[in-house]
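> Take a look and give me a structure for this.
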Amino acid sequence: MKKYNFGAGPSILPQEVMKATAEACVDFQGMGLSLMEISHRTKEFQAVMDEAQALFKELLDIPEGYSVLFVGGGASLEFCMVPYNLLEKKAAYLNTGVWAKKAMKEAKLFGEVVEVASSADANYTFIPKDYEIPADADYFHITTNNTIYGTELRKDLDSPVTLVADMSSDIFSRPIDVSKYGLIYGGAQKNLSMAGVTFIIVKDEILGKVSRPIPTMIDYRTHVDKGSMFNTPPVVPIFCALQTLKWIKAQGGVKEMERRAIERAELLYGEIDRNKIFRGTAVPEDRSLMNICFVMNDEYKDLEADFLKFATERGMSGIKGHRSVGGFRASCYNAMPIEGVQALVQCMKDFEALH
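Reported below is the predicted structural model:
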């Protein structure tokens with residue numbers, strides 16, 4: 001039986017990427033040694049790092065004056081690193097879900113935090129609009145895609161202050177105007193790589209402005225100056241990221257990823273809206289293309305466990321919704337083929353016919 005991985009993360013990767021990474025873990029470039037055991041200082045791995053950073057810049061059309069970094073710690077460490085490096089007096093945050101709230105919590109350790117808007121009262125079912133960004137803030141932080149609640153901000157905002165974005169779960173799913181951002185970061189285990197590496201795109205000129213001393217490993221300038229090689233980097237996840245970047249380029253680039261994302265989402269949301277048993281959880285104008293959340297209509301609520309079993313038995317893996325929303329979540333990252341969504345839609349139709 002064919003299985004489709006709709007897990008929210010760590011999540012689906014292209015078959016070619018997993019195969020190339022597995023082979024490198026046995027014998028890296030014919031060296032007779034595993035990628036896992038060679039020194040990160042070898043010319044062979046330095047070439048991997050250089051190519052990954054170059055492809056990152058090429059695919060996202062990153063302008064001059066920006067650095068691409070690969071570090072450890074996950075996006076959760078960035079919740080701390082961002083204010084450590086950028087917050088002098090005050091920062092502004094848009095509260096769109098659990099991860100935005102966690103980022104705000106860390107920032108409060110370093111200065112005043114202004115919540116410009118929140119959709120918490122509606123269980124984060126929409127992206128707030130019509131808010132004012134304080135002109136005297138050191139930066140404005142957004143989370144572009146909210147994996148738990150299935151909402152997404154798919155436009156590059158105009159901000160009067162440095163714009164910082166957590167793009168953990170939608171990076172490379174659409175073209176972005178990097179010049180509008182001071183810093184973009186994210187965990188790689190959704191659209192880029194296996195778990196274990198964090199990507200950072202940072203405008204070099206925004207660094208070194210805070211008055212506090214910054215520990216060496218927490219200082220972005222350390223990693224910029226050393227090309228992400230200050231300490232031993234997570235070599236296997238970086239190699240995996242390089243394979244994914246190559247795959248994206250071979251498939252037609254970020255615009256093609258966006259086309260596929262729209263195609264998948266339109267198909268699945270179309271069935272959610274048509275099917276009498278299900279309904280979506282996010283307001284239609286803010287629906288995520290990456291994490292499609294839906295629940296049973298009230299009169300069918302008692303069938304939730306039955307549908308989960310029904311779909312799982314037909315190869316739909318990882319579709320159980322987050323506990324704070326319930327229901328179901330189909331994460332449709334770049335590597336998800338349209339056939340996977342077609343199979344899930346057929347499951348929904350078949351289940352409707354039974355009930």
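> so residue 174 touches residue 256, yeah?
No - the pair residue 174 / residue 256 is not scored as a contact, 10.8 Å apart, by CB atoms under 8 Å. Bear in mind the C-beta positions are built from the backbone N, C-alpha and C, glycine included.
> More neighbours: which of the two?
Per other CB atoms under 10 Å, whichever of residue 174 and residue 256 has more neighbours is residue 174, with 21 against 14.
> so the more buried one is in which element?
Counting by DSSP states H and E, no helix or strand carries residue 174.
> Leaving out sequence neighbours, find the closest residue to it.
Distances taken as CB to CB, 6 or more residues apart in numbering put residue 258 closest to residue 174, at 4.4 Å, once the chain neighbours are dropped.
> count of residues packed around that neighbour?
The burial count for residue 258: 17, using other CB under 10 Å.
> Give me the phi and psi for it.
With angles defined as degrees, to the nearest 10, residue 258 sits at phi -70, psi -40.
> now swap in residue 231 and tell me
phi -120, psi -180.
> before we move on, what SS does the nearest residue to it once chain neighbours are set aside have?
Among residues not flanking residue 231 along the chain, residue 217 sits closest, at 7.1 Å (CB to CB, 6+ apart). Three-state assignment for residue 217 (DSSP: H, G, I helix; E, B strand; the rest coil): helix.
> ok, residue 88 - contacts?
Residues in contact with residue 88, defined by CB atoms under 8 Å, 6 or more residues apart in numbering, are 111, 138, 209, 210, 211.
> all helices of the stretch 101-250 of the chain, in order?
220-225, 235-251 (DSSP state H, counting those that start in this stretch).
> for the shortest one, which positions count as buried?
Residues of helix 220-225 classed as buried under the neighbour-count rule (16 or more other CB atoms under 10 Å) are 220, 222, 223, 224.
> One more: stretch 294-303?
294, 295, 296, 300, 303.
> Report the beta-bridge partners for the third one.
Under DSSP bridges, the beta-bridge partners of residue 296 are residue 278.
> who touches it in this structure?
When contacts are counted by CB under 8 Å, 6+ apart, residue 296 is found next to 277, 278, 279, 303, 304, 307, 327.
> related to what we said a few turns ago, so which of the buried residues of helix 220-225 comes closest to residue 244?
residue 223 (20.8 Å; CB to CB).
> Let me know the pLDDT of the closest one.
Note on residue 223: pLDDT of 98.
> how about it, what does it touch?
Going by CB under 8 Å, 6+ apart, residue 223 touches 67, 69, 71, 200, 230.
> I'd assumed residue 2 was in a strand, is it?
No - assessed with three-state DSSP, residue 2 is coil; it does not lie in a strand.
> Look up how far residue 329 lies from it.
Distance, residue 2 to residue 329, using CB to CB, to the nearest Å: 20 Å.
> out of the two, which sits in the more crowded spot?
residue 329 (25 against 8).
> Now render the contacts of residue 296 as CSV, adding pLDDT.
Shown next, in CSV, are the contacts of residue 296 (pLDDT from 0 to 100):
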residue, pLDDT
277, 97
278, 98
279, 97
303, 96
304, 96
307, 97
327, 95
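> Mark which of those residues are buried, thanks.
For those, buried by 16+ other CB under 10 Å: 277, 278, 303, 304, 307, 327.
> Nearest to residue 243, out of those residues: which one, please.
residue 327 (33.7 Å).
> Next one, pLDDT for the nearest residue to the closest one once chain neighbours are set aside please.
Excluding the flanking residues, the one nearest residue 327 by CB to CB, 6+ apart is residue 295, at 3.1 Å. Listed pLDDT for residue 295 reads 97.
> what's residue 295 in contact with, if anything?
Contact analysis of residue 295 by CB under 8 Å, 6+ apart lists 278, 279, 281, 304, 321, 325, 326, 327, 328.
> at 7 Å instead, please
Contacts for residue 295 (CB atoms under 7 Å, 6 or more residues apart in numbering) come out as 279, 281, 326, 327.
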